[in-house]
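Asker: pasting the structure only:
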């Protein structure tokens, strides 16, 4: 009975731990990117750096002087060796270009049909992988939450015409980007402020967002994709193996 209670407690503990949200805080303010990964009240990234211990400085004047003497003695010998190597290099024959020509011929012999076969094989593999990972990827997307999205842009410039055009382009990019993100993820926008300043020389691009997700969803989706890949491993790798075997047989 006690063993069952312990097993149930362990399962409950892991179920609670895996369902607590991971939170990623991303800030880009003043040209500085700050990324923090938090779980509960712990900061997983970046880790706090330990202060380096102060080591006593050891005098190395004698060692440095000895090293300088050794290098001074080796310099004439090395200069003599370098001159001998230069003379030998002048007398050595030029590298044989047969290997380069052979490589060029192999590249020329590669037909367009072979490239198309490789491309179609790659497309088929991608389709097969997508067939068993689509549902799990969609589940990941629907369980990733984008919260407190803040955008504070100031488009600046002394040229009024260029600044106005840049303002229109930035506004379209930001609002279309938010619309696209909202179709993929659950998105909550805190504020979006895009201004235009004709008296300022340098623009301001400040933004911040929190991204949260449950580890249980990410883990289950990753295991599902891995299981589908293992089940379809022969189908994924079979065609490429057949093509390689036919190419080797043709070369023989």
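Answerer: Noted; the coordinates are in hand. What you are looking at is a predicted structure, and each value in this text was computed from that prediction instead of being measured.
Asker: please name the bridge partners of residue 26.
Answerer: residue 35, residue 209 (DSSP bridges).
Asker: that one reaches residue 38, doesn't it?
Answerer: No. Using CB atoms under 8 Å as the test, residue 26 is too far from residue 38 to be in contact (11.8 Å). Just so you know, the C-beta spots here come from the backbone N, C-alpha and C atoms, and that holds for glycine as well.
Asker: okay, now the closest residue to residue 136 other than its chain neighbours: neighbour count?
Answerer: Among residues not flanking residue 136 along the chain, residue 221 sits closest, at 4.0 Å (CB to CB, 6 or more residues apart in numbering). Around residue 221 there are 19 other residues, counting by other CB atoms under 10 Å.
Asker: contacts only, for residue 221.
Answerer: 136-137, 139-140 (CB atoms under 8 Å, 6 or more residues apart in numbering).
Asker: can you say which of those residues are buried?
Answerer: Among these, those classed as buried by 16 or more other CB atoms under 10 Å are 136, 140.
Asker: adding distance to residue 147, write the contacts of residue 221 out as CSV.
Answerer: Formatted as CSV, the contacts of residue 221 follow (distance: CB to CB, whole Å):
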residue, distance to residue 147
136, 23
137, 21
139, 19
140, 17
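Asker: the contacts of residue 221 in helices, which ones?
Answerer: 136-137, 139-140 (DSSP state H).
Asker: and residue 176, how close does it get to residue 144?
Answerer: The gap separating residue 176 from residue 144 is 20 Å, by CB to CB, to the nearest Å.
Asker: before we move on, what about residue 43?
Answerer: 20 Å.
Asker: ok, residue 196 next?
Answerer: Distance from residue 196 to residue 144, by CB to CB: 33 Å.
Asker: need the ones in helices among the contacts of residue 221 in TSV with distance to residue 190 and pLDDT, can you?
Answerer: Shown next, in TSV, are the ones in helices among the contacts of residue 221 (distance: CB to CB, whole Å; pLDDT from 0 to 100):
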residue	distance to residue 190	pLDDT
136	30	86
137	27	85
139	26	84
140	24	86
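Asker: and of those, the nearest to residue 231?
Answerer: Proximity of the ones in helices among the contacts of residue 221 to residue 231 (CB to CB) peaks at residue 136, which lies at 13.5 Å.
Asker: that closest one against residue 224, yeah?
Answerer: Yes. In this structure, residue 136 is within contact of residue 224 by CB under 8 Å, at 4.5 Å.
Asker: looking at strand pairing, list the partners for residue 43.
Answerer: Judged by DSSP bridges, the bridge partners of residue 43 are residue 38.
Asker: and the pLDDT for it?
Answerer: For residue 43, the pLDDT comes out at 80.
Asker: and residue 48, by the same measure?
Answerer: Looking at residue 48, its pLDDT reads 66.
Asker: repeat that for the one 3 residues further on.
Answerer: In the predicted model, residue 51 carries a pLDDT score of 63.
Asker: repeat that for residue 123.
Answerer: Reported pLDDT at residue 123 in the predicted model: 87.
Asker: try residue 74
Answerer: 49.
Asker: point to the helix or strand of this protein where mean pLDDT is at its lowest.
Answerer: Ranked by mean pLDDT, DSSP states H and E, the weakest helix or strand in the chain is helix 61-91, scoring a mean of 50.
Asker: give me the number of residues near residue 237?
Answerer: 11.
Asker: and the helices in the stretch 151-252 of the chain?
Answerer: Using DSSP state H, counting those that start in this stretch, the helices of the stretch 151-252 of the chain run over 160-184, 215-231, 233-251.
Asker: residues of the second one that come out buried?
Answerer: Applying a neighbour-count criterion of 16+ other CB under 10 Å, one finds 216-218, 220-221, 224-225, 228 buried in helix 215-231.
Asker: go through those residues and say which is closest to residue 152.
Answerer: Nearest to residue 152 among those: residue 218, at 30.5 Å, using CB to CB.
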